[in-house]
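*Asks:* Everything below, folded, please.
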Amino acid sequence: MNPHLHGNRCRHAVTAAICLGASLACHAPRPGSNGQPVATLIADTSSATSLDDSARTLIVTRLSRQLDSLYVATDLARTLSGSLEKRLHDHAYDVIATPRAFADSLSHDLATIAHDLHLWVRYFPPLGAGMGGPDLDETWLNHGYPSVRILDGNVAYVDVRSFTANADADRASDAAMTLVKDCDAVILDLRNNGGGATPAMARLAGYFFGDSAHLSDLHWRDTGDTIHVWTHAHPAVSLDRQPMYILTSRRTFSAAENFAYSLQSLRRATIVGETTRGGAHTAKGLVNLGHGIRALIPAGEVLDPTTKANWERVGVKPDIAAADSVALDVGHRIALQQLLRDAPPGARRERLQRVLGSFKTTR
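*Replies:* This is a model prediction of the structure:
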């Protein structure tokens, strides 16, 4: 058994289809994207554009059953399903005729009680001709790595917008890390990262450890399994010696929070910025409720391997608080100060002093 990837039943986390937000929690995923369901739990055989009483009853019944069997918080699941069934019985949904409006209403009712950013219901209209092509957002953002540059003082800056598990994203991350491997400090910008796939998150983290590191555990309520998420080192390109700073904002979510929380807990990185959104739950895919309506129901949660705590509803707290608009400047200055403290007398130290002096006078 691989000691780095195992649970109550052996799982392979690199190929496990585990999505922690990204397109799922923030956007409606298109088929073929990272938000594609692992399995359609209920076949959708209807494409009606309006709903009658029987259709609404069927959708609520299906949703309630799935909440009871899947939702990570068992007691809350019963409260949620009971509330939906009561509202249906009280005719609260009778005036809602369209699938989109009904999905929005169900999602609002769930959010009012659960306050779970990974729990929602949405309507997905049928795809028209030509709508199944490449994801332009993903391509134009270089598969999650739109910007890499070297800041003054030989400090690397890498903008990471998503954690996508595919060959193109692996190639983009490899190229980014290769470019900055000779830098003296690294700043990873997760301020606009809405999450993605756990294996992709762990893959990037692997560059910053000399050996395998236990990042987090994923516990699934529906199966009772626990998946232990470890990094794997990248011997050809290692950044394990460089001081590391992670920028966060209120937009940082899900797998991006997992990355920040784990590296903070392991004392590998300093978090600079704002408290993140607070989504530590995770789902395996979308549940099809019929009539184009689908639900994301988190059946799992991410836990710290040691404390068994997480950031659900509270977010990841920064080590150094800074407004979104100045977080990069703050992180850059802190990195320069650390490098200066560690630099021995000589030309490198003198250059860092000049850079930091110029930094202070121009900002």
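*Asks:* Now residue 216: which helix or strand?
*Replies:* strand 214-220 (DSSP states H and E).
*Asks:* actually residue 104, not the one I wrote
*Replies:* Residue 104 belongs to helix 99-114, assigned by DSSP H and E.
*Asks:* Listing partners with orientation, what would you give for whichever helix or strand comes after that helix?
*Replies:* Sequence order places strand 120-123 as the next helix or strand after helix 99-114, per DSSP H and E. Using DSSP bridges, the strands paired with strand 120-123 in its sheet are strand 293-296 (antiparallel).
*Asks:* Can you pull out the residues in contact with the partner strand?
*Replies:* Residues from elsewhere that reach strand 293-296 (C-beta atoms under 8 Å, 6 or more residues apart in numbering): 24-25, 37, 59, 63, 66, 99, 102-103, 106, 118-124, 283, 286-289. Using the backbone N, CA and C atoms, a C-beta is placed for each residue, glycine as well.
*Asks:* Now with 6 Å, please.
*Replies:* Outside strand 293-296, the residues that touch it by C-beta atoms under 6 Å, 6 or more residues apart in numbering are 24, 59, 63, 99, 103, 120-121, 123-124, 283, 286-289.
*Asks:* In these, find the pair that's most separated.
*Replies:* 99 and 283 (20.8 Å; C-beta to C-beta).
*Asks:* By residue count, which helix of this protein is the longest?
*Replies:* helix 53-70 (DSSP state H).
*Asks:* now that helix and strand 214-220, what's the angle there?
*Replies:* Angle, helix 53-70 to strand 214-220, by axes from the mean of the first three to the mean of the last three C-alpha atoms, to 10 degrees: 130 degrees.
*Asks:* mean confidence for helix 53-70?
*Replies:* In this model, helix 53-70 has a mean pLDDT of 98.
*Asks:* in it, what counts as buried?
*Replies:* Residues 55-56, 59-60, 62-64, 66-67, 70 are the ones in helix 53-70 that count as buried (16 or more other C-beta atoms under 10 Å).
*Asks:* related to what we said a few turns ago, rebuild the contacts of strand 293-296 as a markdown table, extending it with distance to residue 357.
*Replies:* Below are the contacts of strand 293-296 laid out as a markdown table (distance: C-beta to C-beta, whole Å):
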| residue | distance to residue 357 |
| --- | --- |
| 24 | 46 |
| 59 | 64 |
| 63 | 61 |
| 99 | 61 |
| 103 | 57 |
| 120 | 50 |
| 121 | 55 |
| 123 | 57 |
| 124 | 55 |
| 283 | 50 |
| 286 | 54 |
| 287 | 58 |
| 288 | 60 |
| 289 | 61 |
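*Asks:* just to revisit the earlier point, sheet partners, orientation included, of the strand holding residue 216?
*Replies:* Looking at strand 214-220 with DSSP bridges, its partner strands are strand 226-230 (antiparallel), strand 300-303 (antiparallel).
*Asks:* Many thanks, have a good one.
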